[in-house]
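Participant: everything below, folded, please.
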Amino acid sequence: MKKIIILAILIGCGFWAYYIYSTSEVVNTSYASYKDVEFDKGWIPRWIPKDSFDIHDTHNIDTNKLFITFKSKNYKAFLSACKKLNLIKIPQVLKKLNPNTPIKSYNFFTCRKNENYIVTQNLKKLEFYIFDK
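Facilitator: Numbering: from 1, shown residues only. Below is the predicted model:
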C-alpha cells in the first residue's frame, strides 16, 4: 500500500511540474540594432550601448526573468559606467549557454545603478549578456 501511495505522489508531482513548465510564457524577440528595439513593448533596458546590434531578448512573463544578448563595438564607453564584480563561479544561466567556457573568459558587472541585473562580457565571443541576479 505504501508503494502505491508513493507512486501516486510521484506521478502527481510529475504532472504538476509538467503543468507549471508547459504553461510558462517565454517570449523571444530579436532586433538587428538598437534603433530597431521597441523599448515600450519589450524588456530590453534603454541603457545598453546605442551601437548595440544582434540583440536577442528572452524573458518569462510568469517569473519576470530575462536573458538578453547583444554585441557592441563601443563597449568600453558602456562599461566605464559599470562596476566590475568578482564572481568565483559561473552563474547557472551561463553554464547552460556556454558549458565549456571557463570563468576567466568572462567579465561580470553591474551597470547604471541596476543592481538587479548582471551584465556579462564574453571575451571569447565578443558579446554581452544581461540576466537577473
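Participant: partners of the helix or strand harbouring T69, with directions?
Facilitator: According to DSSP states H and E, T69 maps onto strand 65-71. Under the criterion DSSP bridges, strand 65-71 sits next to strand 53-60 (antiparallel), strand 127-132 (antiparallel) in its sheet.
Participant: so which of those strands gets nearest I68?
Facilitator: Comparing the strands paired with strand 65-71 against I68 with Cβ to Cβ, the closest turns out to be strand 127-132 (4.2 Å). (Glycine included, C-beta is placed from N, CA and C.)
Participant: in the strand holding T69, what counts as buried?
Facilitator: Going by neighbour count (16 or more other Cβ atoms under 10 Å), the buried part of strand 65-71 is 66-71.
Participant: and those residues, which two are the farthest apart?
Facilitator: Greatest spacing in those, by Cβ to Cβ: L66 and K71 (17.6 Å).
Participant: contact partners for F53?
Facilitator: 32-34, 70-72 (Cβ atoms under 8 Å, 6 or more residues apart in numbering).
Participant: out of these, which is nearest to K133?
Facilitator: For the contacts of F53, the nearest to K133 is F70 (18.6 Å; Cβ to Cβ).
Participant: just checking, the closest one touches D57?
Facilitator: No - using Cβ atoms under 8 Å, F70 makes no contact with D57, being 9.0 Å away.
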